[in-house]
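K.L.:
Got a predicted structure plus its sequence, pasted below:
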Amino acid sequence: MQKAKAFFFVSAGVFLLVLAYHFGANNAQGQAVTISAAGADAYRGWCTMASGRTVNAILIVDPSHRASMAGVPGTDPIVCCSYDYGTFIVGLANGDVYSAGTSTNIPGWQYVGNNFGATPAAQRTWGQLKATYRK
């Protein structure tokens, strides 16, 4: 009877360790911020970084000058970002470019255009497609 009791407690202990590892190992994450894009302007001295849908800028020669703009539109990741005395510019992975001003009268993020031109491909009708293969 004593061996059965010891076996039960050892089994229960191993089960609880496995259960704790199962719940803890998947959810353990660091608290560091993930940077998705960064940019630096050596001429003016601004360093910009994007994390999530927020872009931050800091003036290298005077770190007290900072700017931040949240809510970048779109769902594609931010791949490049820039800041120049009041205006943020971000580029998304699909080529969309957005601009926003922090010290100007530009209200929030404005769509500038697509870097790749975004020319839609002409689609043929079903009859045109069939005619191609019937020749």
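P.N.:
Looks like it arrived, so ask away.
K.L.:
Show me the strands in this structure, by range?
P.N.:
37-41, 46-51, 54-59, 66-69, 78-84, 87-92, 96-101, 110-114 (DSSP state E).
K.L.:
Which one, of the ones you listed, ends up nearest to G127?
P.N.:
strand 110-114 (31.4 Å; C-beta to C-beta). Every residue, glycine included, has its C-beta placed from N, CA and C.
K.L.:
Mind checking the pLDDT average for the closest one?
P.N.:
Across strand 110-114, pLDDT averages out at 87.
K.L.:
the inter-axis angle of it versus strand 87-92?
P.N.:
50 degrees (axes from the mean of the first three to the mean of the last three C-alpha atoms, to 10 degrees).
K.L.:
who's in contact with R44?
P.N.:
D84, Y85 (C-beta atoms under 8 Å, 6 or more residues apart in numbering).
K.L.:
And the one 4 residues further on, by the same measure?
P.N.:
For T48, the contacting residues are A38, G39, A40, V55, N56, A57, C81, S82, Y83, F88, taking C-beta under 8 Å, 6+ apart as the criterion.
K.L.:
tell me which of those is nearest to G71?
P.N.:
Out of the contacts of T48, the member with the shortest distance to G71 (by C-beta to C-beta) is V55, at 9.8 Å.
K.L.:
can you count the residues close to the closest residue to M49 other than its chain neighbours?
P.N.:
Computed as C-beta to C-beta, 6 or more residues apart in numbering, the closest residue to M49 that is not its neighbour in sequence is A38, at 4.8 Å. Neighbours of A38 under the rule other C-beta atoms under 10 Å: 13.
K.L.:
so A38 makes contact with A50?
P.N.:
Yes - counting by C-beta atoms under 8 Å, A38 does reach A50; the two are 7.3 Å apart.
K.L.:
Are there residues contacting both of the two? Which ones?
P.N.:
C81.
K.L.:
For G95, see how far away G117 is.
P.N.:
Going from G117 to G95 by C-beta to C-beta, to the nearest Å gives 8 Å.
K.L.:
okay, those two: which has more neighbours?
P.N.:
Neighbours per residue (other C-beta under 10 Å) separate G117 from G95, with G95 holding more: 14 against 7.
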